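Colleague: Quick check, what structure comes out for this input:
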Amino acid sequence: MKANYPFDHYYTHHIGNPGDAQFYLKACLNSNAVLELGSGIGRIQTVLQQAGIHTVGIELNAQAIAIASGRGVKTISADMRNFSLSQRFDRVIIPYNSLYCLTNIDEQIKCLRCVSAHMRSKGTLIFDVYAGDAFSTEVTVSRTDPVEIVTQITINDELWDVYECSELDAVSQKITVTYTYLSQLTGETKRGVIHHRYLCSHDIPELLENAGLILDSMHGDFDESPFDDTSEFMVVRAKHA
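Modeller: Residues are numbered from 1 along each chain as shown. Purely as a prediction, here's the structure:
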């Protein structure tokens, strides 16, 4: 989570994709140790730990780490682009577009090189991101705030309407999304901004190769259906090259 986003609004609004927690649980069931990057408040970690799977999270936001610790999961304050742990892991997971929060290709490669260094010889990297293929034909697109709300969230019994607008640069594969939160109770407005450097399906093999990894499989959803040009997600498994 970025500093330019109200904490409570971020974690109340952005709660993962349907089926992702159960997907990661299934993928990690036979693991002795799992490392999660961008682990946040421990949403995925908690599911894994309840199944008896040893997990370690990496997160930078101090508030998120405090909540995760209260849930009883181990979280280390570290940068996912540059971390060094003594432990090696059977699975390294990067759920819910966290890889996209690294906003240039060099940062993404640095992160995956750290991942490779922390995977056991037969370990697996698993991550999910939205597929950027649909953006590849666009050059620059700006979208203004919609007239209607896109969703609503409740924080401490207060209902907030949520509006979304985005700006896309398909040349650099960057997208900036601004969420506006309007309190129905007080009329107060808050805003949160997310910057992503997204990937297209054809980017994945080269990105992994630059980090000493190789693509094992790529699916289009958490039910492990085949990836095709209609897929919303890229669910990627990789191993040591």
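Colleague: what ranges do the helices span in this structure?
Modeller: Using DSSP state H, the helices of the chain run over 7-13, 20-28, 43-50, 62-70, 105-118, 204-209.
Colleague: Check the gap between Tyr24 and Glu206 for me.
Modeller: Counting by Cβ to Cβ, to the nearest Å, the gap from Tyr24 to Glu206 is 25 Å. The C-beta positions use only the backbone N, C-alpha and C, and glycine is treated the same way.
Colleague: Gly16 too?
Modeller: 28 Å.
Colleague: Which of those two has more residues huddled nearby?
Modeller: Under the criterion of other Cβ atoms under 10 Å, the comparison of Gly16 against Glu206 puts Gly16 first, with 15 against 11.
Colleague: from memory that one sits against Gly40, does it?
Modeller: No - applying Cβ atoms under 8 Å, one finds Gly16 not in contact with Gly40, separated by 9.5 Å.
Colleague: So which residues make contact with stretch 86-94?
Modeller: Residues outside stretch 86-94 that contact it (Cβ atoms under 8 Å, 6 or more residues apart in numbering) are 24, 27-28, 30-38, 44, 56, 80, 111, 115, 118-120, 122-128.
Colleague: Put together CSV for the helices of the chain, with distance to Asp133 and mean pLDDT on each row.
Modeller: CSV is the format used below for the helices of the chain (distance: least, Cβ to Cβ, whole Å; pLDDT from 0 to 100):
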stretch, distance to Asp133, mean pLDDT
helix 7-13, 25, 98
helix 20-28, 20, 98
helix 43-50, 25, 98
helix 62-70, 31, 97
helix 105-118, 17, 98
helix 204-209, 11, 98
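Colleague: For those, give me a markdown table that also has distance to Arg91.
Modeller: What follows is the helices of the chain, written out as a markdown table (distance: least, Cβ to Cβ, whole Å):
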| stretch | distance to Arg91 |
| --- | --- |
| helix 7-13 | 24 |
| helix 20-28 | 5 |
| helix 43-50 | 9 |
| helix 62-70 | 18 |
| helix 105-118 | 11 |
| helix 204-209 | 16 |
